[in-house]
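A.B. asks: Pasted the sequence and its predicted model underneath.
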Amino acid sequence: MQKITGGLLFISALILSIGTMVGWILTQKLVDANSGVSFIKFSIVPITLIFLSQAIIFQKACHYLYFQLIFLTLMGFTMMWLMSCLFLPAFWLNTISIKIKILMAIIYIYIAIGNFFFSLKEFDKKWREFQLSKKLEKYIPYKNTTNWGGLMSALELQGKLYILGIPKFLTNVITILIIPCMLLGLSLRGSYPAFSVFAWGIPSAIIAAFFLQMAGYNFAQAKKISTIQREENLKFPSSD
């Protein structure tokens, strides 16, 4: 499990900044300078909320497992923002109608929320299976100690692309096409800028949703730790 350090907090700030700068450059290139400024203004709220939340819990995240997992959950949102910045400039394009933009937003939110709740459900399923096998005592031998990283490895939680309502074989096809679509979009950015933002933006939105799934796994762990700590009246230290 990732230890929380000042370096990780800096990396989060750097990723948030890079994502915002990329989104600004794309919006300015695809539309105009004023739209680029508008994107920057739009970005202030999400990146400030993410970074300030991490900064507020940073000290506790260095010492306590629950806050460590919440910090890692927020890192998932950091990565989600980075990928979203490759997709969001499309909302500033004047060539796209309001109806299409609303549809795009609905699809994006649908995929993102679906991935988040998929991870919560998957974690609960794996936890119940492991609990029934009576192997928990190996990783939580005493009330105030835990090998949480080892436990999560034993649960074999694996991130995978998930789109609610799409059959698994089609999801696998989409997974294979993500990189070629992004490369196609990048190659056409000069001659067909509007098309290119969709070609690389839609796969980016799917990858952003995947990072939200990773955030969901960490959030599910934090919820479980909170429950155990409340029932046992204790606090677990941070884990390696």
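C.D. replies: Cool, the structure landed.
A.B. asks: my guess is Met79 is in a helix, correct?
C.D. replies: Yes - Met79: assigned to a helix according to DSSP: H, G, I helix; E, B strand; the rest coil.
A.B. asks: Not counting its neighbours along the chain, what's nearest it?
C.D. replies: Nearest non-adjacent residue to Met79, counting by C-beta to C-beta, 6 or more residues apart in numbering: Phe211, 4.1 Å away. Quick note: C-beta positions are derived from backbone N, CA and C, even for glycine.
A.B. asks: what does Ser226 give?
C.D. replies: Using C-beta to C-beta, 6+ apart, the closest residue to Ser226 is Tyr66 (5.9 Å).
A.B. asks: Quick check: that neighbour touching Ile228?
C.D. replies: No - using C-beta atoms under 8 Å as the test, Tyr66 is too far from Ile228 to be in contact (9.6 Å).
A.B. asks: Could you tell me which residues touch both of those two?
C.D. replies: Residues touching both Tyr66 and Ile228 by C-beta atoms under 8 Å, 6 or more residues apart in numbering: Phe236.
A.B. asks: Compare these two (neighbour count), which wins?
C.D. replies: Using other C-beta atoms under 10 Å, the more surrounded residue of Tyr66 and Ile228 is Tyr66, with 21 against 16.
A.B. asks: Look up phi and psi at Val31.
C.D. replies: phi -120, psi -90 (degrees, to the nearest 10).
A.B. asks: Now do it, the pLDDT please.
C.D. replies: With respect to pLDDT, Val31 scores 85.
A.B. asks: low-scoring pLDDT stretches of the chain, where are they?
C.D. replies: The model of the chain has pLDDT under 70 over residues 132-146, 186, 188-190, 192-194, 197, 240.
A.B. asks: quick one, longest helix in it?
C.D. replies: helix 193-232 (DSSP state H).
A.B. asks: What are the boundaries of the helices in this structure?
C.D. replies: Counting by DSSP H, the helices of the chain are 6-30, 33-61, 65-84, 98-132, 136-139, 148-155, 168-187, 193-232.
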